[in-house]
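# no letters, just coordinates:
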């Protein structure tokens, strides 16, 4: 087990820079998820840690040693691939023991490790089967078993659940978390699914265009996003962005959305945004759960307003509502009993205590 | 409890039941029609050979029905199988083919692995070059090759012309490029992650080749082996040019040079020899066909 450090790591393919100078410190035992849209450089970063791609610039350290020119087999890492990459001509046990057999481990040691991993992954009765006799979820378990038996310094996962159906994905997600709780190996996990990132990670690294947008715990990223990209990428349904500007009305700071709609800011927020120029084009960032049906009693920082709903989506425990403010679509979450109907007006409440204010041009959260 | 009633009196429409199977039946009929034609086309020569091989020379030259044997005899078979000369041809063919197949696989499998997986400068050009080599017809090459071997013989004193082992050098020029090309295709179809997984598991290039690629691409290797064997067993022009003494001949050349004397064709024995010569490839096909099934990679990755 070991920590992993990336220092100004760059990957260039001819003209294109896929990864543009990444700094990342992953502590021992930590579960770090790299997340981002396709082409953001997350997989390339993982493959550079694995040694499957050369790095164009910078340093990668595993357990304190610079491994830039160390071949994959000497980095003491294990990798789980998106398409499993099981050896089709070998049984499950042979697949799992391949690495150990190459390193000439004693037979008894190999057997005990396979037994232990198989028990942990609940594939004991499958060890004599060939990969083609297994289902997708079972194959992925075997692929994980192959990583576990090696007892490596670092686990690398490259979108391991993307090929599974939605239900199985949730199940395997929990499985991966359980395994990590047991073996505590440092893990780097790549996914484009923000739910996977949020649920699995100790810390999430959000990447975009070959750069790191933000590093933080899932809660930090959700509640304190640094940029518009992070704010919109994390959370589902995504955060709403409504064009707005700040104005002073009778000595109090207001956020004006339209000619008719303007809300006074709660004191804490007003103090924070006091220095923002009133002429700046801004975006009001609101998560859907902070736009709800109006309540009987007024609360500080919660303002009521009327909206005509375009579409409603009943989800059972809640109803998603969509309406338009100044041409931008806004999503809210209301109680299923709030009486939301397609095309009907509804009195709504917006919780400004949880608002975000973004610079529309730079995308930075203020 | 409420009972759900299904309205069975839904509006009726005319459905052509079984139209699918009718289409299928016609497709089957046509495919059988063409298959039968092809079968007749390709089976007629061997059947004619078999019929003729069972006739005596007198019956062959007699003006009787050529498709019927009136006095069947095994004289042609006995004659050939007891002739040391014919057994010598058979032995030469066998030894040449086995060594050539072995050489070919030893060269083309690693070569294909290198060209398919190790990205080095010029590897793509080289892969195309290998295939282009195969496209040059042997009829163009045999004269310069003959000249080359003659010169080598003059310079070094190593006599290659009119020795059966000269074929061990010549045949691979036909088999290696094609087998390499086939194997490049098979190796390229193996998912990249498989060798990456092997590399991470600690396998060297050689171990990746021998323990992952060769077992996974086994059907391809069988296909290449069959091809190499067929080419070396049936090759005619090169042995005709490069070997002349009867003890150096391989079977195809041996049959026509010894059984055609001037303008006298010993048809019975020619046909028998050709049939016996066709047997080994047939036997090999029959054995290896079982292994020659695609889909061995199933389960490696998704799908």
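Okay, I see it. Please read all numbers here as calculations on a predicted model, not as lab measurements.

# look up phi and psi at whichever residue of chain A sits closest to chain B.
Closest to chain B within chain A is residue A:132: 2.9 Å, counting by C-beta to the nearest C-beta. For the C-beta atoms, the positions are set from N, CA and C on the backbone; glycine is no exception. Backbone torsions of residue A:132, given as degrees, to the nearest 10, read phi -70, psi -10.

# tell me the pLDDT at it?
Per-residue pLDDT puts residue A:132 at 89.

# over to residue B:298?
pLDDT recorded at residue B:298 is 41.

# repeat for residue A:106
So, for residue A:106, pLDDT stands at 94.

# separation between it and residue B:143?
Look at residue A:106 and residue B:143: by C-beta to C-beta, to the nearest Å, they are 62 Å apart.

# right, and the residue of chain A closest to chain B touches residue A:88 too?
Yes - Residue A:132 is within contact range of residue A:88, at 6.5 Å (criterion: C-beta atoms under 8 Å).

# what about those two, which has more around it?
Under the criterion of other C-beta atoms under 10 Å in any protein chain shown, the comparison of residue A:132 against residue A:88 puts residue A:88 first, with 22 against 15.

# which residues touch residue B:75?
B:56, B:268 (C-beta atoms under 8 Å, 6 or more residues apart in numbering or on different chains).

# and it, backbone torsions?
Backbone torsions of residue B:75, given as degrees, to the nearest 10, read phi -60, psi -40.

# just residue A:86 next, same as before
phi -80, psi 150.

# for the residue lying closest to it once chain neighbours are set aside, what are its contacts?
Closest residue to residue A:86 apart from its sequence neighbours, by C-beta to C-beta, 6 or more residues apart in numbering or on different chains: residue A:131 at 4.1 Å. The contact partners of residue A:131, by C-beta under 8 Å, 6+ apart, come to A:84, A:86-88, A:90, A:92, A:95, A:139, A:142, B:299-300.

# residue A:154 now?
Counting by C-beta under 8 Å, 6+ apart, residue A:154 touches A:2, A:4, A:49, A:62, A:75-78, A:185-188.

# among those, which one lies nearest to residue B:114?
Nearest to residue B:114 among the contacts of residue A:154: residue A:75, at 24.3 Å, using C-beta to C-beta.

# mind checking how far that closest one is from residue A:52?
Using C-beta to C-beta, residue A:75 is found at 10 Å from residue A:52.

# which one in the contacts of residue A:131 is the model shakiest on?
The pLDDT minimum for the contacts of residue A:131 sits at residue B:299, where the score is 43.

# distance of residue A:336 from residue A:320?
For residue A:336, the distance to residue A:320 - C-beta to C-beta - is 10 Å.

# neighbour-wise, which of those two wins?
Between residue A:336 and residue A:320, counting by other C-beta under 10 Å, residue A:320 is the more crowded of the two (16 against 13).

# and stretch A:113-121 with chain B, contact?
No - Stretch A:113-121 does not reach chain B (C-beta under 8 Å from any C-beta of the partner chain); its nearest approach is 13.7 Å.

# sort out which residues of that stretch are buried, please.
The neighbour-count check on stretch A:113-121 (16 or more other C-beta atoms under 10 Å in any protein chain shown) flags A:113-114, A:117-118, A:120-121 as buried.

# average pLDDT for it?
Taken as a whole, stretch A:113-121 has an average pLDDT of 91.

# so how far is it from its chain's centroid?
29 Å (C-alpha atoms, centre = their mean, to the nearest Å).

# would you mind giving the domain segments of the chain?
You didn't pick a chain, so chain A it is. Per automatic domain parsing, the structural domains of chain A span A:4-224, A:240-359.

# chain B was what I was after
According to automatic domain parsing, the domains of chain B span B:23-61, B:80-289.

# pull the number of nearby residues for residue A:96.
Each residue near residue A:96 was counted by other C-beta under 10 Å, and the total is 29.

# which stretches of chain A form helices?
With helices called from DSSP state H, chain A shows them at A:42-50, A:92-102, A:107-121, A:136-149, A:166-183, A:194-200, A:218-223, A:228-233, A:267-273.

# quick check: buried residues in the first one?
Residues of helix A:42-50 classed as buried under the neighbour-count rule (16+ other C-beta under 10 Å) are A:42-50.

# distance check, the spatially most distant residue from the centre of chain A against residue A:156.
Distance from the centre of chain A peaks at residue A:250, with 42.7 Å (C-alpha atoms, centre = their mean). Remark: distance between residue A:250 and residue A:156 (C-beta to C-beta) = 58 Å.

# next: residue A:332.
Taking C-beta to C-beta, one finds residue A:332 at 40 Å from residue A:156.

# secondary structure class for the one residue sitting closest to the centre of chain B?
By C-alpha atoms, centre = their mean, chain B has its centre lying nearest to residue B:227, at 3.1 Å. Secondary structure state of residue B:227, per DSSP: H, G, I helix; E, B strand; the rest coil, is helix.

# my guess is it contacts residue B:178. True?
Yes - using C-beta under 8 Å, residue B:227 is in contact with residue B:178, at 6.3 Å.

# around chain B, pick out the residues from chain A.
So far as C-beta under 8 Å from any C-beta goes, chain A lies against chain B at A:50-52, A:71-73, A:77-79, A:81-89, A:98-99, A:102-103, A:130-134, A:136, A:139, A:146, A:150, A:163.

# what's the burial count for the closest residue to residue A:265 other than its chain neighbours?
Spatial nearest neighbour of residue A:265, excluding adjacent residues (C-beta to C-beta, 6+ apart): residue A:253 at 4.9 Å. Residue A:253: 20 surrounding residues under other C-beta under 10 Å.

# wait, what's in contact with residue A:253?
A:246-247, A:264-265, A:269-270, A:273-274 are the contacts of residue A:253 under C-beta under 8 Å, 6+ apart.

# cutoff 7 Å now
A:246, A:265, A:270, A:273-274 (C-beta atoms under 7 Å, 6 or more residues apart in numbering or on different chains).

# same thing with residue A:90?
Per C-beta under 7 Å, 6+ apart, neighbours of residue A:90: residue A:98.

# let's go with 8 Å and repeat that
Contacts of residue A:90 by C-beta under 8 Å, 6+ apart are A:98, A:130-131.

# closest one of those residues to residue A:219?
residue A:131 (38.7 Å).

# how long is stretch A:52-62 end to end?
Its first and final residues considered, stretch A:52-62 spans 15 Å by C-alpha to C-alpha, to the nearest Å.

# can you give the contact residues for it?
By C-beta under 8 Å, 6+ apart, the surrounding residues in contact with stretch A:52-62 are A:2-12, A:21-22, A:44, A:47-49, A:66-68, A:72, A:75-77, A:153-154, B:196, B:199-200.

# would you map the helices across the stretch 101-250 of chain B?
B:123-135, B:138-156, B:166-188, B:192-200, B:205-207, B:214-216, B:218-234, B:237-242 (DSSP state H, counting those that start in this stretch).
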